[in-house]
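Student: Okay, sequence plus prediction incoming.
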Amino acid sequence: MRTTVVLKDDLVSQAKKFSAEKTLSGLLNRCLEAWVRQHSLRELDARLAEEYKEGAEESRNVAKDFADTDKENWPSW
């Protein structure tokens, strides 16, 4: 996709120092990839945290159900 953007010269200069990209397009694409990856991970972390919270109650209930079984002195393997 072609577009026109206005970038701060000092930021572009600093970014070029840290990047192996030879073109500004390559640099911008790499930055967008990193941004998308970072936000995808944040979304995944949030979803995992929510699933963990939702599963915590079920886990406690299962533990209660098996509490008596744990007291039956079964051999540990």
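Tutor: It's in. Numbers count the residues shown, from 1 in each chain.

Student: and for the lowest-mean-pLDDT helix or strand in the chain, what are the contacting residues?
Tutor: Lowest mean confidence among the helices and strands of the chain (mean pLDDT, DSSP states H and E): helix 67-70, at a mean of 74. Helix 67-70 has contacts (CB atoms under 8 Å, 6 or more residues apart in numbering) with no other residue. In this view, the C-beta of every residue, glycine as well, is placed from N, C-alpha and C.

Student: try 10 Å this time
Tutor: Contacts to helix 67-70, defined as CB atoms under 10 Å, 6 or more residues apart in numbering, come from residues Ala63.

Student: what about the helix or strand containing Leu41, average pLDDT?
Tutor: Assigned by DSSP states H and E, Leu41 falls within helix 24-65. Helix 24-65 comes out with an average pLDDT of 91.

Student: quick one: the residue nearest the centre of the chain from Arg47, how far?
Tutor: The residue lying closest to the centre of the chain (CA atoms, centre = their mean) is Leu41, at 1.9 Å. As judged by CB to CB, to the nearest Å, Leu41 and Arg47 stand 11 Å apart.

Student: Next: Gln38.
Tutor: Separation of Gln38 from Arg47 (CB to CB): 15 Å.

Student: One more: Val36?
Tutor: 16 Å.

Student: got it, and Leu27?
Tutor: To Arg47, Leu27 is 31 Å away according to CB to CB.

Student: Of those two, give the one with the bigger neighbour count.
Tutor: Each of Leu27 and Arg47 has its neighbours counted (other CB atoms under 10 Å); Leu27 has more, 18 against 10.

Student: In this structure that one contacts Phe18, no?
Tutor: Yes - if you go by CB atoms under 10 Å, Leu27 and Phe18 touch, sitting 9.4 Å apart.

Student: Pro75: neighbour count?
Tutor: 4.

Student: what's the answer for Asn29, then?
Tutor: Counted with other CB under 10 Å, residues neighbouring Asn29 total 12.

Student: show me the contacts for it.
Tutor: By CB under 10 Å, 6+ apart, the contact set of Asn29 is 21, 23.
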